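Q: Turn this into a structure:
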Amino acid sequence: MLLIYLISRGGMGAGDVKISFVLGIWLGFQGMLVCLFLAFILGGIIGVILLASKIKSRKDPIPFGPFLCLAAWISFMFWPYLVYFYWSLFI
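A: So this is what the prediction gives:
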C-alpha cells in the first residue's frame, strides 16, 4: 500500500497506508492478502455503481478506508473459506 501511495501522488491517502499496516499485523499475511483483494473488489464495484448513477463524477474522490474496514471484517470472519473457494475455482 505504501508503494501505491508513493506512485499515485495523492490518489491514496496516508491513512489508508496506516490502516493497512495495522490490518496486516492483525490479520496476518494470508488474511491481509484476502482483505486487500476484497477491498479492491468492493471499492471497484461501489465505484462503478456511484459513477453509473451519476452520484460521483470521475474527478470526485471516493474514500478507500471504509472498503478496507469492511473487507477486514469479512476477512477476519471468513478468510479460510474464501481462500478455499478461490482456489477451488482453479482446481
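Q: any chance you could map the helices in this structure?
A: Using DSSP state H, the helices found in the chain span residues 2-8, 14-52, 65-88.
Q: for the first one, packing partners?
A: Taking 3 or more CB pairs under 8 Å, 6 or more residues apart in numbering; DSSP states H and E as contact, the helices and strands that helix 2-8 lies on are helix 14-52. Using the backbone N, CA and C atoms, a C-beta is placed for each residue, glycine as well.
Q: do the same with the longest one
A: The criterion is 3+ CB pairs under 8 Å, 6+ apart, and the helices and strands that helix 14-52 contacts are helix 2-8, helix 65-88.
Q: Just put those helices in CSV and tack on distance to residue 47.
A: Shown next, in CSV, are those (distance: least, CB to CB, whole Å):
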stretch, distance to residue 47
helix 2-8, 15
helix 65-88, 9
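Q: any chance of these in TSV, plus mean neighbour count and distance to residue 37?
A: As requested, the helices and strands packed on helix 14-52 are exported to TSV (neighbours: other CB atoms under 10 Å; distance: least, CB to CB, whole Å):
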stretch	mean neighbour count	distance to residue 37
helix 2-8	12	14
helix 65-88	15	8
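Q: What's the local residue count around residue 50?
A: Neighbour count of residue 50, defined by other CB atoms under 10 Å: 14.
Q: Repeat that for residue 43.
A: Neighbours of residue 43 (other CB under 10 Å): 18.
Q: need the contact list for the residue nearest to it when sequence neighbours are not counted.
A: Spatial nearest neighbour of residue 43, excluding adjacent residues (CB to CB, 6 or more residues apart in numbering): residue 67 at 4.2 Å. Residues in contact with residue 67 (CB atoms under 8 Å, 6 or more residues apart in numbering) are 39-40, 42-43, 46.
Q: Just put the helices of the chain in a markdown table and tack on mean pLDDT.
A: Below are those laid out as a markdown table (pLDDT from 0 to 100):
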| stretch | mean pLDDT |
| --- | --- |
| helix 2-8 | 85 |
| helix 14-52 | 93 |
| helix 65-88 | 92 |
